[in-house]
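> Pasting a predicted model and its sequence here:
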Amino acid sequence: MKSMFVRLVGKSYRALTPLIFLSDSEPAHDFVLDMSEVMGKIPGMPSLMRACLRVSHPSLKTTVAGIEFENPIGLAAGFDHEAQMPRIVDGIGFGFQSVGTVTNGAYGGNPYPRIKRLVRSRTMLVYKGFKSTGMTAVLKRLKGQHWRVPVGISIGRTNPLREYTYPVAIGDIVEAFTKARDSGVPFSYFELNISCPNMLREISFYEPARLSELLTVVCALKIQKPLFIKMPIGLGDDGVKVLLDTILKFPVAAVIFGNLQIDRTDPAFIPEELATLAQYPGNWSGVPCQKRSDHLVKLAYNHAKGKLAIIGCGGIFSVEDAYRKIRNGASLVQLVSATVWEGPQVPAELCADLPALLARDGFKHVSEAVGVDAAKE
Ligand SMILES: Cc1cc2nc3c(=O)[nH]c(=O)nc-3n(C[C@H](O)[C@H](O)[C@H](O)COP(=O)(O)O)c2cc1C
């Protein structure tokens, strides 16, 4: 019954996408966030949403990094950059959410346009560059809140920095972590974002010595919660393995593959559509991330040999996309773009459909499917 309602919402949303796609992306996104915050504050609304839209199944419950997840489908960082949604995120069916990326200092964002859709290629050009009201303001909003699903905070360095040196950048990140750690806000995990490709000037932690320097001070903060790292998909395989080797020396619980696609030659783009945005800076979500993130999930699973959990993110639009990442090695998955193309009920649809795929392949539980295709090339 509930699944039928979820499918009806999905059908209606998809029927309306020609109209929805007439809207300008960033104001539409901001409107959804503001509405979500309002709905979260209306007494009874989160419970009503949960009753209508949340689909649960025993085979989807899983424990990763010591955290219990009712289902493995998460809302990735970037959608809710100001943390307006945690009160309702479980109501639309997600199993967890990363808020942010939040930075220590405030920044109004890179020059417009900052989000543009390529409707047929199912991708957004993103150039926000860590638009943030800053850690203090975000923590103030979240103070006193409690959530029904795990919520983590994604933290990155302020863009722009007052000075472009590594000590300043690392100090800035440490200050943000410290504020979040000491806030009393019940985050379940911390996500260190080292992979935003939209920064005004480069301070890169892709060099093992630099990443070691950063992780040494972040881990010394004793945040008492699992640390996840949001990884790039634009590095070559050898570069990724070097980063993983560095990460494996620290108490990091999980890596997320990955962030936006920087490669404009990815075959997933429809060339004539891509040409319409050729003049704009930024990087890409959605389908152009899919192949590379699928591959890197597998690579990381094989390389880490169980010492890190892998979270798959990039181009998940259907249950088959989510299941493929799980079979490649992802214990959890995250998404953003599918909420735009498929609708807000997409996590509920995935949760309604995933148990049947697990059962078809003889798995009683989602954890049994993790990595079963990792050895296959
Ligand atoms: C509008 C937008 C803003 C984003 N901002 C962030 C961010 O602040 N931090 C981050 O780690 N990832 C950010 N991302 C990347 C997403 O978390 C995700 O890695 C990427 O979009 C691929 O997933 P998808 O194909 O499901 O969209 C952003 C993505 C979009 C579309």
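It's in. Residues are numbered from 1 along each chain as shown.
> How confident is the prediction for the residue in the stretch 1-150 of the chain that the ligand sits nearest to, by pLDDT?
Using CB to the nearest ligand atom, G78 is the residue of the stretch 1-150 of the chain that sits closest to the ligand, at 2.2 Å. Where C-beta positions appear, they are placed from N, C-alpha and C, glycine not excepted. Here, the pLDDT recorded for G78 equals 96.
> Then N159?
Confidence score, pLDDT, at N159: 88.
> What about the residue nearest to it when sequence neighbours are not counted, how many residues nearby?
With sequence-adjacent residues excluded and distances taken as CB to CB, 6 or more residues apart in numbering, N159 is closest to F130, at 4.5 Å. Residues near F130, counting by other CB atoms under 10 Å, number 25.
> Make sure F130 is actually in contact with C196.
Yes - taking contacts as CB atoms under 8 Å, F130 lies within contact range of C196: 6.2 Å.
> shared neighbours, these two?
In the contact map built from CB atoms under 8 Å, 6 or more residues apart in numbering, the residues linked to both F130 and C196 are 101, 156, 159.
> Just to be sure, D263 is in a strand?
No - if the criterion is DSSP: H, G, I helix; E, B strand; the rest coil, then D263 is coil and not within a strand.
> where's it relative to A278, distance?
Applying CB to CB, to the nearest Å, one obtains 14 Å for the distance of D263 from A278.
> More neighbours: which of those two?
When D263 and A278 are compared for neighbours, D263 comes out ahead with 15 against 7, by other CB under 10 Å.
> Okay, now the unreliable bits of this protein?
Counting by pLDDT under 70, the chain has low-confidence residues at 377.
> would you list every one of the helices in it?
2-20, 25-41, 45-53, 135-142, 166-182, 208-220, 237-247, 271-275, 287-304, 319-328, 337-341, 346-360, 366-369 (DSSP state H).
> Could you export those as TSV, including mean neighbour count and distance to the ligand?
Compiled in TSV, the helices of the chain are given as follows (neighbours: other CB atoms under 10 Å; distance: least, CB to the nearest ligand atom, whole Å):
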stretch	mean neighbour count	distance to the ligand
helix 2-20	14	15
helix 25-41	15	7
helix 45-53	16	19
helix 135-142	18	12
helix 166-182	18	13
helix 208-220	16	16
helix 237-247	17	15
helix 271-275	12	16
helix 287-304	23	5
helix 319-328	23	9
helix 337-341	23	3
helix 346-360	21	10
helix 366-369	19	19
